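> sequence unavailable; structure follows:
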C-alpha cells in the first residue's frame with residue numbers, strides 16, 4: 001500500500017535509497033501492477049528510478065524479509081503469494097499497536113497539540129491533492145504516536161509502517177474521504193481525553209485501511225478465486 005511516510009501513519013520519512021526502491025516495488029505490488037508469481041524486472045526498475053542495480057537488490061532483500069517477494073535460484077525474484085488475510089493481518093496488528101499510542105496520547109497531548117490535530121483534520125477535508133493528503137496524514141499520526149509512544153512502541157510502529165504501501169492516498173482513490181471522517185472520530189475522542197474510545201477508533205481506522213487495500217487489490221484482479 002506512500003514525502004514518503006507510511007500509508008496510514010507512524011514511521012519516519014525514508015531517505016535511504018534502498019528504502020525508496022522498496023517503496024516503489026511495494027507500490028507496484030499494492031496497485032496490482034505486479035501480481036503473485038510475476039517476475040520482478042530488476043533492470044527495468046533500476047532504469048525507471050535512475051539507480052544502479054545494487055539498491056534494487058538491497059530493496060528486494062528487504063521485501064523478501066517482508067514476505068512480499070521470494071528469490072528462486074537461477075531464475076530471479078518473484079512476487080510472493082499474498083492472500084487477503086495476509087493484508088488484513090498486517091493492518092490489524094499495526095492498528096492494535098497504534099491504538100495503544102492513541103490511548104496514551106489522550107492523556108498526554110496538550111491543548112495546543114489537540115488544536116493542531118483539529119486543524120490537520122480540517123485541512124484534510126479541504127485539500128484533495130494526494131501528495132498533500134499524504135503529508136497531512138503523516139503529521140496527524142506522527143503527533144499521536146509521539147505523544148503516546150514509548151521508544152519501544154515507536155520502534156515497532158516504524159518497522160510495521162515500512163512494510164506498507166507508501167502512496168496509499170494516490171493508489172487508493174476515494175480513501176481520503178473515509179480517512180478524513182475517521183480522523184475526526186479519533187480527534188474527537190482525544191479532545192475529551194477518552195483513551196478507550198481513541199484506541200478503538202484508531203484500531204478501526206487502520207483496519208479499515210486494510211479492508212480498503214484488500215478491496216483495491218481484488219478489483220485490480222490481483223487475486224484469483226482461490227486466493228479468497
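Looks like it arrived, so ask away. This structure is a prediction, so every number in the text was calculated from the model and none was measured. Residues are numbered from 1 along each chain as shown.

> mind listing what residue 123 touches?
With contact set as C-beta atoms under 8 Å, 6 or more residues apart in numbering, residue 123 has these partners: 132, 136. Where C-beta positions appear, they are placed from N, C-alpha and C, glycine not excepted.

> following the host helix or strand of it, which helix or strand comes up?
According to DSSP states H and E, residue 123 maps onto helix 111-126. Toward the C-terminus, helix 111-126 is succeeded by helix 130-148 as the next helix or strand (DSSP H and E).

> what's the angle from that following helix to helix 111-126?
Between helix 130-148 and helix 111-126, the angle comes out at 160 degrees (axes from the mean of the first three to the mean of the last three C-alpha atoms, to 10 degrees).

> tell me the buried residues in helix 130-148?
Under the neighbour-count criterion of 16 or more other C-beta atoms under 10 Å, helix 130-148 has 130, 132-145, 147-148 buried.

> quick check: phi and psi at the residue of the chain most remote from its centre.
Distance to the chain centre peaks in the chain at residue 74, reaching 32.4 Å (criterion: C-alpha atoms, centre = their mean). Taking degrees, to the nearest 10, you get phi 70, psi 10 for the backbone angles of residue 74.

> confidence score at it?
The confidence metric pLDDT takes the value 91 at residue 74.

> please apply the same query to residue 149.
For residue 149, the predicted pLDDT is 88.

> the strands in this structure, which residues?
Assigned by DSSP state E, the strands in the chain fall at 69-72, 76-79.

> let me know which of those strands is the nearest to residue 93.
Residue 93 sits nearest to strand 69-72 of all the strands of the chain, at 20.3 Å, using C-beta to C-beta.

> direction included, what does the closest one pair up with?
strand 76-79 (antiparallel) (DSSP bridges).

> buried stuff in the partner strand?
Within strand 76-79, the residues scored as buried using 16+ other C-beta under 10 Å are 77, 78, 79.

> and for stretch 53-72?
55, 56, 58, 59, 60, 62, 63, 66, 68, 69.

> out of those residues, which are inside helices?
Mapping these onto helices (DSSP state H) picks out 55, 56, 58, 59, 60, 62, 63.

> so which helix or strand of this structure has the lowest pLDDT on average?
The helix or strand of the chain with the lowest confidence, counting by mean pLDDT, DSSP states H and E, is helix 168-171 at a mean of 66.

> save the strands of the chain as JSON lines, and put in distance to residue 45 too.
Shown next, in JSON lines, are the strands of the chain (distance: least, C-beta to C-beta, whole Å):
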{"stretch": "strand 69-72", "distance to residue 45": "12"}
{"stretch": "strand 76-79", "distance to residue 45": "10"}
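
> please tell me the pLDDT value assigned to the closest residue to residue 45 other than its chain neighbours.
The shortest distance from residue 45 to any non-neighbouring residue, by C-beta to C-beta, 6 or more residues apart in numbering, is to residue 56 (5.3 Å). Residue 56 is assigned 96 on the pLDDT scale.

> likewise residue 191?
96.

> now do the same contact list for it.
Residue 191 touches 114, 118, counting by C-beta under 8 Å, 6+ apart.

> would you mind measuring from it to residue 122?
In this view, residue 191 and residue 122 are 13 Å apart by C-beta to C-beta, to the nearest Å.

> repeat that for residue 86.
35 Å.

> ditto for residue 75
52 Å.

> so which of these two has more stuff around it?
More neighbours surround residue 122 than the other of residue 75 and residue 122, with 15 against 8 (other C-beta atoms under 10 Å).
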